[in-house]
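Undergrad: give me the fold of what follows.
(3 chains)
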Amino acid sequence: MYNFDVEKPGTIAEAAAAMGADEAQALGGGQTLIPTLKQRLASPSKLVSLKGVAEMQGMGKDGNTLRIGGATTHATVAADGSYPALSALASHIGDPAVRNRGTIGGSLANNDPAACYPAAALASGATIVTNTRQISADDYFQGMFDTALEEGEIITAVSFPIPQAANYQKFVQPASRFALVGVFVAKYADGVRVAVTGASNEGVFRWTEAEAALSTNFSASALDGLTVDPDNMITDLHGAAAYRAHLVKVMTGRAVTAAG
Amino acid sequence: MPKDTGIGAATVRREDVRFLTGTGEYTDDITLAKQTYAVFARSTVAHGTIKSIDTSAAEAMPGVLAVFTGEDFADVGGNPAGWLINSRDGEPMKEPKRPVLAHGKVRHVGDAYAAVIAETVQQARDAVEAIEVDIEELDAIVDMNAALSGSNFVHDEIGTNQCFDWGWIEDNREATDNAIKNAHHVTTLELVNNRLVPNAMEPRASIGSYKASTGEYTLHTTSQNPHLTRLLISAFVLGIPENMLTVIAPDVGGGFGSKIYHYGEEALVLAAAKRLNRPVKWTADRTESFLTDAHGRDHVTKIELALDKDGKFLAFRTDTKANVGAYLSNFSTATPTFLHGTLMAGNYTVPLVYVNVKAVFTNTAPVDAYRGAGRPEATYSIERVIDKAARELGMDPIELRRKNFVKPNQYPFASAAGLEYDAGNYDALMDKMEEVADVAGFAARRAESEKNGKLRGFGVNAYIEACGIAPSNLVGVLGSRVGLYDAATVRVNATGNLSVMVGAHSHGQGHETAFPQVVAEMLGIDPAVIDIVHGDTSKIPFGMGTYGSRSLAVCGSAVVRATEKIINKAKKIAGHMLEASEHDITLADGVFSVAGTDKSVTFGEVALKAYIPHEYPLEDIEPGLEETAFYDPANFTYPSGAYACEVEVDPETGKVTVDRMTAVDDFGNVINPMIVTGQVQGGLAQGIGQALLENTSYDENGQLLSASYMDYTMPRADDLPMFAVDHSQGTPCTHNPLGVKGCGEAGAIGSPPTVVNAVIDALQSGGKNVTHIDMPVSPARVWEAMQ
Amino acid sequence: MTKVTMTVNGKTVSGDVEGRTLLASFLRDDQGLTGTHIGCDTSQCGACVVHVDGVAVKSCTMLAAEADGATVDTIEGQANADGSLNVIQQAFQDHHGLQCGFCTPGMVMSAAALLKENPKPSEQEVREYLEGNICRCTGYHNIVKAIMAASGQDVTAIAAE
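TA: Okay, the predicted model is just below:
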């Protein structure tokens, strides 16, 4: 690692101020950032640790909306029960030690194309709350490792409308245990949303054909006639584009069945 | 002697206490006074010409003490190959120099061309980035076929990428060809034995230190084999006299072959320690381990099996290309040849075997022995093609194997691949496997899986390996440049406790527990008073280290011989003390007695007498009680086994789950069944890893795509089932004093074909005529095969 | 350099660290607690698992500065007060749950965290909990068996030798 300073603000305002420094970078749980720094792939002058920002910790239900502080760990989300499909997703991110450090804000800010949380946020039509504004999930994800966040902007919370039914199916990349393909299906009164992670060169995306079919008939059989276009799917050591495209459909069907 | 502590007892391991309390001492845990740190500059391209290296900016960086380049080692020797292979035409193999640091060219990603020594590891790392290097990139040679046909060479000075073209048994070539041409049936299979990264959990590390006043060097290093490391550094690389170099391999966190070999980093830290007159430590990070540890396997093979109409095997013919990587690692030439070709008759009475192996240089990490070393490759080829033959002939795979097994009344049995098997009973192993694996219950389990939409397959395997490596006279004829004996010293201290210095090195095998069981049994004393000393060349007479499942069979035999000498001398002393002839003295339960009398002395009293020799026949017996033995075995040992695997395949995703894994092994006599079972379990995990998970992948530019645990799939707890392990069917080895055979590699040898055979069986049951999928049998590969 | 203070195995310790100093390095290099091992660069292997404020973390993926003020427990603090092996350590020895010993500290620390959360885990729960701890020697069989035994479950039936 190149050396850097570590700042530990106690409030969002302090954190935002600290992020104003040249080459400052937010540090959530560090479970992706620190390995990246070890490889000397980034050289921030300062890491702004968000762990100590009390306003960004924890989660609470307000009516049918679940608000999760940006510095809330995967372990905390996993242990909560108010959005069961989301808790189940969180309980399979990384491993127990990683879940004790990694945060939802960190995961969404990084937007790894194989991460789990982006699928949940996009399928749930979540709102990404930052220190300056609110961003709908549909506007937030802009491609692999690319988001609507501006320089210095911090995810302070994420708001999830709780669906009538939902499920996440993750087919793991066997080495990293990230998603080779992960599909989050969420059924709301006004329709079904399906978001896919791990599969596309564009990062997390909505499978709109499946959404339309499932909004009419929420059962796996509704997918029968659909195919997933392998163009622009990821090909790597662990699977070619055609395999990923196939898995998208299989995992979607399983998620629908499991969601009930 | 307390009961249940000698030979055959499942004694818990004494070494565990330090490991469980965080007080083990691995190389990187050691900090010597005034220690400095080395970091290597490594090539990011697979193949290139070093046009220039400018170290001046790096030298000026804070904390930097020295920068070394290949030029600094241009005049010292190379790291040699330990085994000379001659090609079929009689030409010796090509042996390009393997320098301490790359000089002139870099030949694989990770090839070190410079090293920085600094006060801190971070300073050294910073300075490495300040080295200005101009490397002109050349086309990478990755594919073995392209390597053999092209005019672009890894080593320009040898003018070819072929290291050797070896035939075994060359005199049988024509007869084998004819047998295959005229056979009733020939089954052919082309397969890849996938390259593996050993991945001992402890990355390699070394600390060089130097004492200017005496000229003595010390190397602490992560080695399975400290004496060989000393020998190579002394005789070939740096020329340090052996008596001026101590090599210490303290606690070592796994090896699996990768830490047998001498590596350039060890020479570098010694040379740097001398130049700076301060200790120099280097510790690999995991990426360096992936890029530079010797890898394993990497064969591309075509095998043919000829059978008569009754299913009797007539001949095996194998054509293999073996990737040796960019340089010859110490045993890289033995692995695809004598550790592979000589096993190509398997457990079978097949009369003819012919093996052709072409070893190929490529711009990839060196490849050498990894758990099993050649024998897994042989077993995989044989046992996969037999399964395919059984299917083609409509025969039961177990029955086809049994029909061709060497039978118990045929020992000693001269195999068609040139080895003499001394003992075994393959039908008994198969019987036991059928019982333990509940083969009879398979049909019901398959039906249950099918009810759940899954395909279930059963796979079987019979293997033999040659280990306890091995007789120096034999391996000398076969090209080995070293002897393969081992040594032990048993020192009885005056107060009756013992230090046993052994040439084997324990890095997980439990020698500190198992060797005392042997000595305690022989002397009739409590093993708790026996301490094992290993891993320090200054304390141990000599040793050839631990690999090839040899520690107990070879070094354990040396321990027996040295203990016998102790008993003989102790009987003389006891005879004197008891005023009787040494020939009338018997030893039982730690007491020397005069036969037919009630006169006796204890082992402790004899020990004391040896060191306080009052009233002692100094003209007949020397004082002291310490004996050394070197043991060189008469033959290899031949563990064998019958394995079974049941898998479930998810036809929608291609995911394979190992549901049941059974290993029935013949290890001869067993000293500590708990340790033996653990060794098999670990081997099974590595074999299942090879079969299903582990995927070393270089792209066409020679970049290692699977260079971290994010992409190289290590078997994890939730990838594996509980294992059924049995070693009740042992047939003792006939030629070593303990009747032991060695158990370290078996699991990794027997399991890969078993697992893949099970997957193929599952897919066949699903109506897919898939006959082969290359390892690792990933979900994507299964799914693609089913399309 | 920044000064950090933490309670390690019940003792208050402090030291000056750079921003980039990892908790694992602070424990190993500054405190001499070399039982915590480093086996990878990507937060996968788990040889470095310690407990920070009572939960398992990978000390190679946490900055020492982040642990300022925290309570840290490492393998060196796990034995009973009289120095004897604790119930998990003893089960690992009894059931041969280790070979080379390098992954062992992380395994024991993860096992301790698991049993705190789930005092009677099933075999599958143990295996899933160990997702972030890689062992190359044992094939996990005896590690799983040891952890289940440490939880007071009878393991004779599930894991015959």
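Undergrad: dump the worst-scoring helix or strand of chain B on mean pLDDT to PDB, keeping only the CA atoms.
TA: The weakest-scoring helix or strand in chain B, judged by mean pLDDT, DSSP states H and E, is helix B:472-477 (a mean of 88). These are the backbone C-alpha positions of helix B:472-477, laid out as PDB (Å, rounded to 0.1, in the frame of the first residue of the first chain):
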ATOM      1  CA  SER B 472      19.500 -44.800  -4.600                       C
ATOM      2  CA  ASN B 473      20.900 -47.500  -6.800                       C
ATOM      3  CA  LEU B 474      17.700 -47.800  -8.800                       C
ATOM      4  CA  VAL B 475      17.000 -44.100  -9.100                       C
ATOM      5  CA  GLY B 476      20.700 -43.600 -10.000                       C
ATOM      6  CA  VAL B 477      20.300 -45.900 -13.000                       C
END
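Undergrad: and the longest strand seen in chain B, what's buried?
TA: The longest strand of chain B (DSSP state E) is strand B:313-325. Of all the residues in strand B:313-325, those buried under the rule 16 or more other Cβ atoms under 10 Å in any protein chain shown are B:Phe313, B:Leu314, B:Ala315, B:Phe316, B:Arg317, B:Thr318, B:Thr320, B:Lys321, B:Ala322, B:Asn323, B:Val324, B:Gly325. Backbone N, C-alpha and C define where each C-beta goes, glycine included.
Undergrad: quick check: the third one vs chain C, distance?
TA: Spelled out, it's B:Ala315. 36 Å (Cβ to the nearest Cβ, to the nearest Å).
Undergrad: circling back: which is the succeeding secondary structure element to the longest strand of chain B?
TA: Sequence-wise, the next helix or strand downstream of strand B:313-325 (DSSP states H and E) is strand B:352-361.
Undergrad: which residues touch the residue in chain C that chain A sits nearest to?
TA: Residue of chain C nearest chain A, by Cβ to the nearest Cβ: C:Gly132 (2.6 Å). Applying Cβ atoms under 8 Å, 6 or more residues apart in numbering or on different chains, one finds that C:Gly132 lies in contact with A:Gly94, A:Asp95, A:Pro96, A:Ala97, A:Val98, C:Ser43, C:Gln44, C:Gly46, C:Val49, C:Lys58, C:Ser110.
Undergrad: how is chain C carved up into domains?
TA: Taking automatic domain parsing as the domain assignment, the ranges for chain C are C:2-76, C:87-150.
Undergrad: is the first one up against chain B anywhere?
TA: Going back to what we said before, that points to domain C:2-76. Yes. Using Cβ under 8 Å from any Cβ of the partner chain, domain C:2-76 comes into contact with chain B via C:18, C:20, C:28-29, C:33-42, C:44-45, C:47, C:74-76.
Undergrad: of those residues, which are in range of chain A?
TA: C:Glu18, C:Arg20, C:Asp41, C:Thr42, C:Gln44.
Undergrad: how about the contacts made by the nearest residue to the second one once chain neighbours are set aside?
TA: Nearest residue to C:Arg20, sequence neighbours excluded (Cβ to Cβ, 6 or more residues apart in numbering or on different chains): A:Met1, at 4.1 Å. A:Met1 is in contact with A:Leu37, A:Lys38, A:Arg40, B:Gln122, C:Arg20, counting by Cβ under 8 Å, 6+ apart.
Undergrad: still on that earlier bit, farthest-apart pair in the buried residues of strand B:313-325, please.
TA: B:Leu314 and B:Gly325 (35.7 Å; Cβ to Cβ).
Undergrad: quick one, phi/psi of the closest residue to B:Asp156 other than its chain neighbours?
TA: Leaving aside its sequence neighbours, B:Asp156 sits nearest to B:Lys105 (Cβ to Cβ, 6+ apart; 7.7 Å). Phi and psi for B:Lys105, reported as degrees, to the nearest 10, are phi -140, psi 150.
Undergrad: hmm, B:Lys105 is touching B:Ile50, no?
TA: Yes. Between B:Lys105 and B:Ile50 there is a contact under Cβ atoms under 8 Å: 6.4 Å.
Undergrad: circling back to that earlier point, if I look at the residue of chain C closest to chain A, how far off is B:Asp650?
TA: 24 Å (Cβ to Cβ, to the nearest Å).
Undergrad: before we move on, what about B:Gly468?
TA: Counting by Cβ to Cβ - B:Gly468 and B:Asp650 are separated by 42 Å.
Undergrad: does any bit of the longest helix that chain C contains sit next to chain A?
TA: Secondary structure of chain C per DSSP state H: the longest helix is helix C:104-117. Yes. Applying Cβ under 8 Å from any Cβ, one finds that helix C:104-117 is in contact with chain A at C:Ser110, C:Ala113, C:Leu114.
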